[in-house]
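A.B. asks: Need coordinates for the below:
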Amino acid sequence: MFRLRPARSAGLVLGTALAALAAAVPAGAHPSSGAVLALPGVTPRAETATLYDDEAGGNANADDPAIWRNAAQPDRSLVIATAKEGGLRVYDLDARQVQAIPAPPAAGPDDAPGRFNNVDLVHGLRLPSGRADVSVTTDRGHDRLRIHRIAPGRAGGPLVDVTDPAAPPVFSSNQDEINDQQTAYGLATWTDAASGRSYALVSRRNRTTVALLELTPTATGTVTYRKVRTLDLPSAFRLPDGTSWTPCGEPDELPQIEGMVVDPANGMLYAGQEDVGIWRMRADLTAAPKLIDRVREYGVPGVYDEETEECSAGTDPGFGGTRLAADVEGLTLLTEPDGDGYILASSQGDDTFAAYDRELEDANEYEGGFRVTATADGAIDGSEECDGAAVLNAPLGTKYPHGLLVVQDGHDTPVDGDREATNFAFVDLGKVLDGIDD
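C.D. replies: Numbers count the residues shown, from 1 in each chain. Below is the predicted model of the structure:
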């Protein structure tokens with residue numbers, strides 16, 4: 001059995017069985033030793049229809065979800081998710097699609113098309129018509145943010161595009177740079193409790209840059225943004241033996257960041273540098289970042305092969321972590337009313353999820369992990385190579401009274417020939433909070 005259960009006085013704590021599983025892995029264990037965390041599993045309650053990344057399927061590829069709670073009617077809460085060139089998908093709590101929003105077309109015949117990568121929510125954004133909840137999405141294809149007001153019960157679907165048509169590129173200075181696709185990629189939203197201002201933190205594809213953008217409503221009711229500052233994470237690292245290490249990748253590509261989440265209680269941003277590990281930094285990007293955990297592959301030399309477009313790994317020097325296998329992907333925050341909870345991270349390389357304590361005093365201590373596995377009858381498969389995840393620890397009516405965890409599945413089954421198939425799995429958070437029997 002594994003158990004994440006309410007403590008009598010301190011929110012969630014890890015059950016002794018899960019703690020023992022984590023402790024059983026030696027501190028020096030690395031991929032080359034064959035050591036793998038034997039983590040317990042939770043099963044989904046529902047899954048969305050398969051998205052296919054080809055012309056027949058609309059070039060749709062599931063990536064990142066966000067969960068919007070309908071406070072008036074929790075049973076009618078929504079999951080908003082990106083489908084890359086397929087745009088946005090909106091699902092109800094039965095994982096049925098209720099709206100599909102296409103990505104914007106290419107600016108010209110030789111330009112990159114719209115491609116929605118990551119999505120997050122801002123609650124109570126001040127608009128001329130009053131406060132509203134909005135979704136914010138990175139459009140990697142056009143290097144812009146797309147903002148949609150959430151209007152539950154609207155006849156045409158709950159999302160209404162309120163993006164300012166004059167919203168600027170996030171990182172690029174012209175269309176040629178946009179077409180190079182070193183563009184807006186990962187995303188986390190944040191509302192500063194002190195000022196009430198809302199922001200989007202956006203990472204740059206194939207670079208180590210994170211930008212802080214303030215969301216600013218216009219007089220016409222649309223939303224734009226302005227860049228406040230940027231921060232560059234390292235691309236090369238000094239190892240304990242005195243050597244320097246750079247993660248292997250294609251020429252001119254730096255170790256990028258995608259999965260990000262902000263803890264609103266302390267204004268800390270957690271960012272997953274895919275081939276490196278998880279960083280913690282101030283969400284206003286005014287202080288030096290701290291690497292709180294490393295992937296197992298950290299420090300492993302590699303040589304890029306242009307013919308195969310793969311990296312050949314050298315000998316593992318033993319400087320990596322034990323809980324994450326590259327890539328580090330979707331990060332999400334599981335909160336408790338009393339301030340306890342976890343940062344959850346997708347360990348894409350071994351199909352697991354890692355949980356870290358929110359408390360800074362505990363230095364974001366690793367608390368254990370789990371897998372999302374197929375149901376016993378095989379009717380719903382689990383999650384493999386998960387790109388994005390979202391969790392909400394709040395009652396969502398009769399379907400998910402203990403909350404909901406939504407994870408991307410990078411290999412939906414059954415497969416359909418060579419078509420790339422992905423979707424999203426819905427997990428009752430009660431299975432994570434209360435535990436399951438093996």
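A.B. asks: burial measure for the nearest residue to residue 298 once chain neighbours are set aside, as a count.
C.D. replies: Spatial nearest neighbour of residue 298, chain neighbours left out: residue 320 (3.9 Å); criterion: Cβ to Cβ, 6 or more residues apart in numbering. C-beta: built from backbone N, CA, C; applies to glycine. Counted with other Cβ atoms under 10 Å, the neighbours of residue 320 add up to 25.
A.B. asks: May I have the phi/psi pair for residue 320?
C.D. replies: Here the main-chain torsion angles of residue 320 (degrees, to the nearest 10) amount to phi -80, psi 180.
A.B. asks: Run a quick check on it versus residue 313, I expect a contact.
C.D. replies: No. With contacts counted by Cβ atoms under 8 Å, residue 320 stays clear of residue 313, the gap being 11.5 Å.
A.B. asks: if I look at those two, which residues touch both of them?
C.D. replies: 297, 300 (Cβ atoms under 8 Å, 6 or more residues apart in numbering).
A.B. asks: Look at the residue nearest to residue 298 and report its pLDDT.
C.D. replies: Looking at residue 320, its pLDDT stands at 97.
A.B. asks: same thing with residue 26?
C.D. replies: Reported pLDDT at residue 26 in the predicted model: 34.
A.B. asks: What does residue 358 show for phi and psi?
C.D. replies: Phi and psi for residue 358, reported as degrees, to the nearest 10, are phi -70, psi -20.
A.B. asks: Next, the contact list for the residue lying closest to residue 233 once chain neighbours are set aside, please.
C.D. replies: Closest residue to residue 233 apart from its sequence neighbours, by Cβ to Cβ, 6+ apart: residue 208 at 4.2 Å. Each residue near residue 208 by Cβ under 8 Å, 6+ apart is listed here: 232-235, 254-257, 273.
A.B. asks: again, only using 10 Å
C.D. replies: Counting by Cβ atoms under 10 Å, 6 or more residues apart in numbering, residue 208 touches 231-235, 254-257, 271, 273, 276.
A.B. asks: Determine the longest strand present in the protein.
C.D. replies: Ranked by residue count, the top strand of the chain under DSSP state E comes out as strand 116-127.
A.B. asks: what mean pLDDT would you report for that one?
C.D. replies: 96.
A.B. asks: residues of it that come out buried?
C.D. replies: Of all the residues in strand 116-127, those buried under the rule 16 or more other Cβ atoms under 10 Å are 116-122, 125, 127.
A.B. asks: Which strands border the next helix or strand after that strand, and is each parallel or antiparallel?
C.D. replies: Note on strand 116-127: by DSSP states H and E, the next helix or strand toward the C-terminus is strand 130-139. Taking DSSP bridges as the criterion, strand 130-139 forms sheet pairs with strand 116-127 (antiparallel), strand 144-150 (antiparallel).
A.B. asks: closest one to residue 297 among the ones you listed?
C.D. replies: Closest approach to residue 297 among those (Cβ to Cβ): strand 116-127, 23.0 Å.
A.B. asks: so where do the helices sit in this structure?
C.D. replies: Here the chain has its helices, by DSSP state H, at 16-23, 175-179, 429-434.
A.B. asks: thinking again about what came up before, any idea how far residue 125 is from the residue nearest to residue 298?
C.D. replies: From residue 320 across to residue 125, the span is 40 Å (Cβ to Cβ, to the nearest Å).
A.B. asks: Show the contacting residues for the residue positioned nearest the centre of the chain.
C.D. replies: Central residue of the chain (Cα atoms, centre = their mean): residue 330, 2.8 Å from the mean position. Residue 330 makes contacts with 63-65, 118, 186, 258-261, 272, 344-346, 348, 353, 383, 386-391, 406-408, as judged by Cβ under 10 Å, 6+ apart.
A.B. asks: Now do the contacts for the nearest residue to residue 183 once chain neighbours are set aside.
C.D. replies: What sits nearest to residue 183 in space, not counting adjacent residues and going by Cβ to Cβ, 6+ apart, is residue 143, at 3.7 Å. Residues in contact with residue 143, defined by Cβ under 10 Å, 6+ apart, are 112, 168-173, 175, 177-185, 202, 204-205.
A.B. asks: Show me just the buried residues among the residues you listed.
C.D. replies: Buried members of those, scored by 16+ other Cβ under 10 Å, are 112, 168-172, 175, 178-179, 182-185, 202, 204-205.
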